[in-house]
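Visitor: okay, structure incoming, though there's no sequence with it:
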Ligand code: PEP
Ligand code: MN
């Protein structure tokens, strides 16, 4: 290849292009949308630091059915408020195709999470709607399985797909939650035209390790980054240990700008 395509995403502040020769588009925000104050505050802070998109889960895929499942539909309204207040594009996950229409009313990008990467009926449905799709790699998915999952979305008529590496299952979960597979950057470049996002937050599971892996991802040519940010990580309802504070995120964005263009 050598050539790859770009995905243009409409946001309240105007179109953002993710792809070759464009700044690394940074997606930041909490794992879960918890309340209006935290999501609006986080949106304003990450925007000021240079993020182009706000992430936040309304519907959360949790390992335990007793863990916080997300606030659902009411969280979508909070995302709409944060979108309005910040001008950022919104990225949030769909778990059930029945929720797709209402998610599409607020989201600028629809996320399909790692656990649904091979939910083929869901892939067909996100392929049949207009919003761009962020397809996270399944935690044990091969590159070919991941690309075929993307193919489901493309084949259903939606060309705007971004591939997100978020770490794969590791034999050594003691120090990192997953193994962030940065080798996908050169490998996918040789196989597909689709732009790539790297998620060092889920990839490492520890906020201290996020800056180095974000920098490495930019050095290796990523088109975009996803970084979890929470105003009070110790109190987060999900993924606190891997979340940066807004202050830390701001410093990391300044450090990253030395390695590559991020705004
Ligand atoms: C998330 O983005 O919060 C998430 C649940 O990610 P993943 O599907 O990669 O585990
Ligand atoms: Mn998370």
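Guide: Good, I have the coordinates. Not measured: the values here are computed from a predicted model. Ligands and ions are numbered 1, 2, ... in the order given.
Visitor: C-alpha only now, for contacts and for neighbours.
Guide: Noted.
Visitor: pLDDT score for residue 163?
Guide: Looking at residue 163, its pLDDT reads 98.
Visitor: right, I mislabeled it, should have said residue 8
Guide: For residue 8, pLDDT reads 98.
Visitor: isn't it up against residue 18?
Guide: Yes. Contact criterion CA atoms under 8 Å: residue 8 and residue 18 qualify, at 6.3 Å.
Visitor: where does the stretch 151-263 of the chain come near ligand 1, residue by residue?
Guide: Selection of the stretch 151-263 of the chain residues close to ligand 1 by CA under 6 Å from any ligand atom yields residue 166.
Visitor: all strands for the stretch 151-263 of the chain, in order.
Guide: In the stretch 151-263 of the chain, the strands defined using DSSP state E, counting those that start in this stretch lie at 161-165, 196-198, 224-228.
Visitor: before we move on, the earlier item: which one's more surrounded, residue 8 and residue 18?
Guide: Taking neighbours as other CA atoms under 10 Å, residue 8 and residue 18 compare with residue 18 leading, 24 against 13.
Visitor: ok, now which ones touch the more buried one?
Guide: Residue 18 makes contacts with 6-9, 24-25, 195, 223-224, as judged by CA atoms under 8 Å, 6 or more residues apart in numbering.
Visitor: one more time with 7 Å
Guide: 6-8, 25, 195, 223-224 (CA atoms under 7 Å, 6 or more residues apart in numbering).
Visitor: same question, residue 244
Guide: 207, 228-230.
Visitor: from the contacts of residue 18, list the buried ones, please.
Guide: Among the contacts of residue 18, those that count as buried by neighbour count (16 or more other CA atoms under 10 Å) are 6-7, 25, 195, 223-224.
Visitor: which of those sits closest to ligand 1?
Guide: Set against ligand 1, the nearest of these by CA to the nearest ligand atom is residue 224 (14.2 Å).
Visitor: so the closest one bridges to which residues?
Guide: Under the criterion DSSP bridges, residue 224 forms beta bridges with residue 25, residue 197.
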